[in-house]
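>>> Provided below for reference: sequence and predicted model.
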Amino acid sequence: MARIHCSEPLRPGLELALPAGAARHVQVLRLQPGDGLTLFDGRGGEYLARVTHMGRSEVRVAVEQHDPVERETSIAVHLALAMPANERMDWLVEKAAELGAMSIQPLVAERSVLRLAGERAQKKQAHWQAIAVAACEQCGRNRVPEVHAVQPLAAWLAQPRTPGLVLSLREGTRPVAAHAGLPEVTLLSGPEGGLAPAEEDAALARGWQPVHLGPRVLRAETAPLAALSVLTLGTAA
């Protein structure tokens, strides 16, 4: 049965016109009145619904019942990513959503190839949020990770927040697996070439803990996903 995210709050007994994006999804699938589908609004669980009207500009559905099922991990991992170049950020957002990331913070670091600001950054944020929604529709998650607005790394680090983990290539760091028992954590990962020494020093000075993924150097789009997998391994609800 098709799974579709609906940004409107849902409840059993509700009949509504689907928002534009969800309606297009139903139209592409060529569902017809009477066909069933699964809807989720990101507020918990999912809903059995049925198409009641298919038009060129409007798709209406009747929400029938709520299933409180959740497919989240027991550790909430927030990814803070110095954006990799080209289309790798698209891929990274998709896979992070599939693997259970709670939120994604795109950052511009000293060594970043991809530099976004203004309207271009806003468009990319919306694009990545849509990718996260599609990934949740596919993988069965009922809670969509929020993709935050792009920020410079220095400005983001300066904001009050609980220190987390920073992926590091320095000697003497602990393995990321040592922190797998935390209920919630933010993981900071650098761009191609890693964080600049001054950036990593700034994070450590604010209490961030340096961690590593073993003896190999992973690509900028691989390292945070590997760390996310290690942190959430065996914690699926």
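Received it, and whenever you're ready, just let me know what you need. Residues are numbered from 1 along each chain as shown.

>>> thinking residue 146 is in contact with residue 103, fair?
Yes - with contact defined as CB atoms under 8 Å, residue 146 counts as touching residue 103 (4.8 Å). For the C-beta atoms, the positions are set from N, CA and C on the backbone; glycine is no exception.

>>> of the two, who's got more company?
residue 103 (17 against 14; other CB atoms under 10 Å).

>>> so what touches stretch 57-71?
Applying CB atoms under 8 Å, 6 or more residues apart in numbering, the contact partners of stretch 57-71 are 10-18, 22-23, 26-27, 37, 39, 44-53, 139-143, 236-237.

>>> give me the mean pLDDT for that stretch.
For stretch 57-71, mean pLDDT is 95.

>>> how about stretch 132-143?
For stretch 132-143, mean pLDDT rounds to 96.

>>> contact partners of the longest helix anywhere in the chain?
Under DSSP state H, the helix in the chain containing the largest number of residues is helix 118-139. The contact list for helix 118-139, computed with CB under 8 Å, 6+ apart, reads 3-5, 21, 25, 40, 71, 89-90, 93-98, 104, 106, 116, 141-150.

>>> of those, which belong to strands?
Cross-referencing the contacts of helix 118-139 against strands under DSSP state E gives 3, 4, 5, 40, 104, 106, 146, 147.

>>> where does pLDDT dip in the protein?
Along the chain, the parts satisfying pLDDT under 70 run over 234-237.

>>> give me the domain ranges for it.
Domain assignment for the chain, taken from automatic domain parsing, gives 3-67, 76-232.

>>> how long is the last one end to end?
What that stands for is domain 76-232. Counting by CA to CA, to the nearest Å, you get 8 Å between the two ends of domain 76-232.

>>> off-centre distance for it?
Relative to its chain's centre, domain 76-232 lies at 10 Å (CA atoms, centre = their mean, to the nearest Å).

>>> the first one too?
Its chain's C-alpha centre lies 23 Å from the corresponding centre of domain 3-67 when counted by CA atoms, centre = their mean.

>>> buried ones among the contacts of stretch 57-71?
Taking 16 or more other CB atoms under 10 Å as the criterion, what is buried in these is 10, 16-18, 22-23, 26, 37, 39, 46-49, 51, 141-143.

>>> in helices, which of those residues fall?
Short answer: these in helices (DSSP H) are 22, 23, 26.
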